[in-house]
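Enquirer: dropping a prediction and its sequence here:
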Amino acid sequence: MVQSRLPLLRRISQIFFLLVFLALLVFTSLRPAAGASGDIHLRAPVRLFFEWDPLVAVANALATHALYRGLLWSLIILLPTLFLGRFFCGWVCPMGTLQHYVGGMYSESKRGKQRIESNRYKRWQTIKYVVLIAGLVAAFFGSMAIGWLDPFSLLVRSLGLALLPAFNFAVHAVLLPMEQSNVGLIRTTGETLHTVLQATVLDFRQTHFAQGIVLGVLFVVILAASLRVTRLWCRSLCPLGALLGAVSRWSVLGLHKDAETCTRCNRCLLNCQGGDDPIGGVPWRKSECLMCMNCVDSCPEHSLTFRFFRNEKEVATPDIGRRRAVTGMAAGVVAVPLMRANTGMGKSRNDRLLRPPGSLDEEEFLSRCIRCGECMKVCPNNSLHPTLEQAGLQGLWTPTLVPRIGYCEPSCVLCSEVCPTGAIWQITPKEKGWVVGVGAQSQPVRLGTAFYDRGRCLPWAEATECIVCEEWCPVSPKAIYVEEAQVVDATGATRTLKQPRVDPSRCVGCGACEFACPLQDRPAVYVTSIGESRSPSAQILLNRK
Amino acid sequence: MAEQRENLAGAGGAGLTRREAMLQLLRVGGVAAGAAGAGYWLSRHSTRPEPARALEARRDHRVATDAALPKLTVVQGGEPRELTRQALENLGGIRRFVSRQDVVVIKPNIAWDRTPEQAANTNPELVAEMVRQCWAAGAKRVVVTDVSCNEPRRCFQRSGIQAAARAEGAEVILPEPEMFREVDLGGVVLKNWPVFTPFLEADKLLNLPIAKHHALVGATLSMKNWYGILGGQRNRLHQQIHQSLVDLASFMLPTLTVMDCYRVLLRNGPTGGNLEDVALKKTVVAGTDPVALDAWVAKAYWNLDQEQLPYLQMAARRGLGTVDFETLPVKVSQLA
């Protein structure tokens, strides 16, 4: 049978897309380019993968009544699924591929009969449809919480913010001693490896992310669950899988079971990925099948084949039932008002919630941000971090700027270039408008405003010269201005030194002053979100446009 | 064999043979003695951790003075490349400074994420010409590097220096955290600091600063460019900036200083950004006396006298150069 070769073809496709995904992910970072000069852009950011993600597209459309930038490309996946079923899950999705691989590893809890039983269809596989309904309804009411579970979001967030930085750290920990070795051979090997890895997988600098360990452990747990039940996450929770499952209702390709030759040996269940009942005697469950084609290969009687336009009994729609569907809708309807009844967005916004440049106003932002972490991955200063409580529960894992770790580079707009949904709307360095002619009447992107803690600032409190903040201030004329003052030092002598102040009309909230302040633990100058340009209700100055 | 005997012994219910008992005692005894020995040895080696000894090395890259040649030259009215060529010629040619097989490290200012027009970093054409000259003099390696303030990848790219220097065949090295070494700078306030290693491996060191305004010291000139050899928490240097500048300048003595005054950032330095702050001066000031050089440029563009620049007076007292540049023969060339 020719069809028995399909699993091999599928494997090649899976590896190919996994590698493409990893390559895009690794290259979602600023790399020193040999001959390049002038403005900086990324050629192939990982957002290209998100643009194929129909879940992101549908949720984005529901939330904003429009489709952002490249999301129309998701039709490349959605339309073929209408005809062919969930081939995407089995052949393309890198999250699926990783689980597929782990699920195939030897596991004590999945041997012989247990393995066959674990691959039978289970009612809990419908949870994902409830998740999908809840997520889409919530999206309609303005919360992109579905991004917590979108497989690409999950993957980029976990790999980009936890596992890749950890890998980077581990590689350096091995290479550094090698490069410092006294043995020439070890040293050369270390140096060569370093050069090769630096050009391919290593990041230019070691990054650190808030909650990195949480994100990393969650991901490992999800993968490890496949040791017990193959693709547990795909089968039970993945909302993208649910969407594609629902869409494949009318697909024309399906599993043909030859009842005459089937001996009920159950071998087709050994390697079944979706838990879609390929066995004889029961109808095939179309919405669960991942088109992995393993059953075709496993069947010793050649009773299973995939055919177009076959006419057989099958369970085409997800067996979710009215009650569960209503539960999902209710959850989605209730979620958003419940989260917004809390303080955070309505009242008492967090003063340290600094959104990346180009971000839309908070309500719009939350209706778009899928928490994929691409902006955090790409930021060359490691400035952006996933929030924990700063943006409220509804904003969990959305990006916030932490100037103490990294400030916002004046002419950098990479985060806005990689954002797949327009939560950070794409801007040009010119639109960002920092550097030249910032004033009360100009309209640059402002992230917040800087303030001095005069009880800690060296020239204000300690009779010591400093103004590093002024040196770093990137706008011109500078938003930090200095005034000479006479101060008395501890010996009673009078000294003349320069004391800094902020002009709020020129400050763009980049955080360079906070970053450069020598008081590293609690800087004497810090940025809070007041005055951020995205929010008309958070302005200080009367005369600001 | 041994297993068989054990089985037999076990089956018979008898104890170990004397031979086996002795061997077992020897084994256990050996492990015990080893553990005790290793423990004792380790316990003798417990010392309070101390930071690695800093390298003590004043870096003197100067070449012999030549009474016939000026210590300071000013070339005006040309493009960066020709200005540089003329300046070198006035000072006796590149071969006076760079010999065959030299490892030359060029230190432009690549501190900020700015374009050449904004004049916050050294002009890339000037750097490129310098690289070319070094190759012409037979250098073994020509390295161009700096420890940036802003994100180095952005600074090196947008300053245009990376592309221009690479095009002339220089090695462009971006700062990496692993490439710093603790060095005793031997200064009055600057003691042990991490220094970027390429600067420690140079035979000849060429300082290529750009003249810019600076709120704290008035102007950032050639001596302030040495901030860029340091890592660590250099934001503390402002607290005693004059002493820090002198400490750095007496640690790092360059072969030659070529100051970019092609575009001069007159206000809002050292970051600038606004083209209105930039004046096109089409000038290069070069020489072997960094104190005189800084004094000349400070006077020419900001009208700052030595009284307003205490670090220059301090540097002169430390014997680093002449602050009264008027007393020096300055060779001035006017191109076109």
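Expert: All right, it came through fine. Every value quoted in this text rests on a predicted model; they were computed, and no experiment measured them.

Enquirer: wait, A:D203 sits on A:F167?
Expert: No - taking contacts as CB atoms under 8 Å, A:D203 lies outside contact range of A:F167: 9.3 Å. C-beta coordinates here come from the backbone N, C-alpha and C atoms, glycine included.

Enquirer: out of these two, which sits in the more crowded spot?
Expert: Using other CB atoms under 10 Å in any protein chain shown as the criterion, A:D203 and A:F167 rank with A:D203 on top: 19 against 15.

Enquirer: just give me the neighbour total for the nearest residue to the more buried one once chain neighbours are set aside.
Expert: Leaving aside its sequence neighbours, A:D203 sits nearest to A:N168 (CB to CB, 6 or more residues apart in numbering or on different chains; 5.3 Å). Number of residues near A:N168 (other CB under 10 Å) recorded here: 18.

Enquirer: does A:N168 lie in a helix or a strand, and which?
Expert: Assigned by DSSP states H and E, A:N168 belongs to helix A:164-179.

Enquirer: mind giving me the packing neighbours of that helix?
Expert: helix A:184-200, helix A:212-225 (3 or more CB pairs under 8 Å, 6 or more residues apart in numbering or on different chains; DSSP states H and E).

Enquirer: tell me which element the residue of the stretch 101-250 of chain B found nearest chain A falls in.
Expert: Nearest residue of the stretch 101-250 of chain B to chain A (CB to the nearest CB) works out as B:A163 at 4.0 Å. Assessed by DSSP H and E, B:A163 sits inside helix B:161-167.

Enquirer: lowest average pLDDT across the helices and strands packed on helix A:164-179?
Expert: Per-segment mean pLDDT for the helices and strands packed on helix A:164-179 reaches its minimum on helix A:184-200, at a mean of 90.

Enquirer: what residues does the stretch 251-400 of chain A have near chain B?
Expert: A:P380, A:N381 (CB under 8 Å from any CB of the partner chain).

Enquirer: show me what contacts the closest residue to chain B within the stretch 251-400 of chain A?
Expert: For the stretch 251-400 of chain A, the residue positioned closest to chain B under CB to the nearest CB is A:P380, at a distance of 4.6 Å. A:P380 is in contact with A:S29, A:L30, A:F204, A:E409, A:C412, A:L414, B:E151, B:R153, B:R154, counting by CB atoms under 8 Å, 6 or more residues apart in numbering or on different chains.

Enquirer: now, which of the residues you listed sits nearest B:A139?
Expert: B:R153 (26.3 Å; CB to CB).

Enquirer: that closest one touches A:R31, doesn't it?
Expert: Yes - between B:R153 and A:R31 there is a contact at 7.1 Å, judged by CB under 8 Å.

Enquirer: what is in contact with those two at once?
Expert: Joint contacts of B:R153 and A:R31 (CB under 8 Å, 6+ apart) are A:F204.

Enquirer: looking at the two now, which is surrounded by more residues?
Expert: More neighbours surround B:R153 than the other of B:R153 and A:R31, with 23 against 15 (other CB under 10 Å).

Enquirer: ok, the helix or strand that contains the more buried one near chain A or not?
Expert: Using DSSP H and E, B:R153 maps to helix B:152-158. Yes - using CB under 8 Å from any CB, helix B:152-158 reaches chain A at B:R153, B:R154, B:F156, B:Q157, B:R158.

Enquirer: what about the helices in chain B?
Expert: B:2-12, B:18-44, B:80-90, B:124-136, B:152-158, B:161-167, B:241-251, B:290-302, B:310-317 (DSSP state H).

Enquirer: those helices into JSON lines, with extra columns for mean pLDDT?
Expert: Putting the helices of chain B into JSON lines (pLDDT from 0 to 100) gives the following:
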{"stretch": "helix B:2-12", "mean pLDDT": "50"}
{"stretch": "helix B:18-44", "mean pLDDT": "94"}
{"stretch": "helix B:80-90", "mean pLDDT": "94"}
{"stretch": "helix B:124-136", "mean pLDDT": "96"}
{"stretch": "helix B:152-158", "mean pLDDT": "92"}
{"stretch": "helix B:161-167", "mean pLDDT": "94"}
{"stretch": "helix B:241-251", "mean pLDDT": "93"}
{"stretch": "helix B:290-302", "mean pLDDT": "93"}
{"stretch": "helix B:310-317", "mean pLDDT": "92"}
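
Enquirer: ok, now which ones touch residue 237?
Expert: Assuming you mean chain A. A:I127, A:K128, A:V131, A:L149.

Enquirer: wrong one, I was asking about chain B
Expert: Applying CB under 8 Å, 6+ apart, the residues near B:L237 are B:L190, B:Y227, B:L230, B:S244.

Enquirer: now the closest residue in space to A:A210 that isn't next to it in sequence: how far from A:C513?
Expert: Computed as CB to CB, 6+ apart, the closest residue to A:A210 that is not its neighbour in sequence is A:H385, at 4.1 Å. Distance from A:H385 to A:C513, counting by CB to CB, to the nearest Å: 19 Å.

Enquirer: of those two, who's got more company?
Expert: Using other CB under 10 Å, the more surrounded residue of A:H385 and A:C513 is A:C513, with 32 against 24.

Enquirer: name the helix or strand for that one, please.
Expert: Using DSSP H and E, A:C513 falls in helix A:512-516.

Enquirer: which residues touch that helix?
Expert: So helix A:512-516 is contacted by A:403-408, A:410, A:450, A:468-474, A:480, A:523, A:525-527, B:149, B:235 (CB under 8 Å, 6+ apart).

Enquirer: how about the residue nearest the centre of chain A: what's its closest non-neighbour residue?
Expert: By CA atoms, centre = their mean, chain A has its centre lying nearest to A:C372, at 1.4 Å. Distances taken as CB to CB, 6+ apart put A:S153 closest to A:C372, at 4.1 Å, once the chain neighbours are dropped.

Enquirer: ok, now A:V487?
Expert: A:A463 (4.6 Å).

Enquirer: shouldn't the one you found be within a strand?
Expert: No - assigned with DSSP: H, G, I helix; E, B strand; the rest coil, A:A463 falls outside any strand and is coil.

Enquirer: list the contacts of the spatially closest residue to B:R263 that is not a sequence neighbour.
Expert: In space, and not counting its chain neighbours, B:R263 is closest to B:A119: 3.8 Å by CB to CB, 6+ apart. By CB under 8 Å, 6+ apart, the residues touching B:A119 are B:I210, B:K212, B:R263, B:V264, B:L265, B:G272, B:V278.

Enquirer: which one in those is the model shakiest on?
Expert: Least confident of the contacts of B:A119 in the model: B:G272, at 89.

Enquirer: got the contact list for it?
Expert: Neighbouring residues of B:G272 by CB under 8 Å, 6+ apart: A:S476, B:W112, B:R114, B:Q118, B:A119, B:A120, B:K212, B:H213, B:L265, B:V278.

Enquirer: next, count neighbours for B:V142.
Expert: 26.

Enquirer: so how far is B:G160 from the residue most central in space within chain B?
Expert: Compute the mean C-alpha point of chain B, and by CA atoms, centre = their mean the closest residue is B:I229, 2.7 Å away. Per CB to CB, B:I229 is found 22 Å from B:G160.

Enquirer: close to chain A: what parts of the stretch 151-300 of chain B are there?
Expert: Near chain A, when you scan the stretch 151-300 of chain B using CB under 8 Å from any CB, you find B:151, B:153-154, B:156-160, B:162-164, B:166-167, B:174, B:176-178, B:214-216, B:233, B:235-236, B:238-241, B:267-268, B:270-275, B:277.

Enquirer: which among these end up buried?
Expert: For those, a burial check counting by 16 or more other CB atoms under 10 Å in any protein chain shown picks out B:151, B:153-154, B:156-160, B:162-164, B:166, B:174, B:214-216, B:235-236, B:238-241, B:267-268, B:270-274, B:277.

Enquirer: show the contacting residues for the nearest residue to the residue nearest to the centre of chain B once chain neighbours are set aside.
Expert: Spatial nearest neighbour of B:I229, excluding adjacent residues (CB to CB, 6+ apart): B:F199 at 4.6 Å. By CB under 8 Å, 6+ apart, the contact list for B:F199 reads B:R59, B:V105, B:K107, B:T145, B:L205, B:I229, B:M252.
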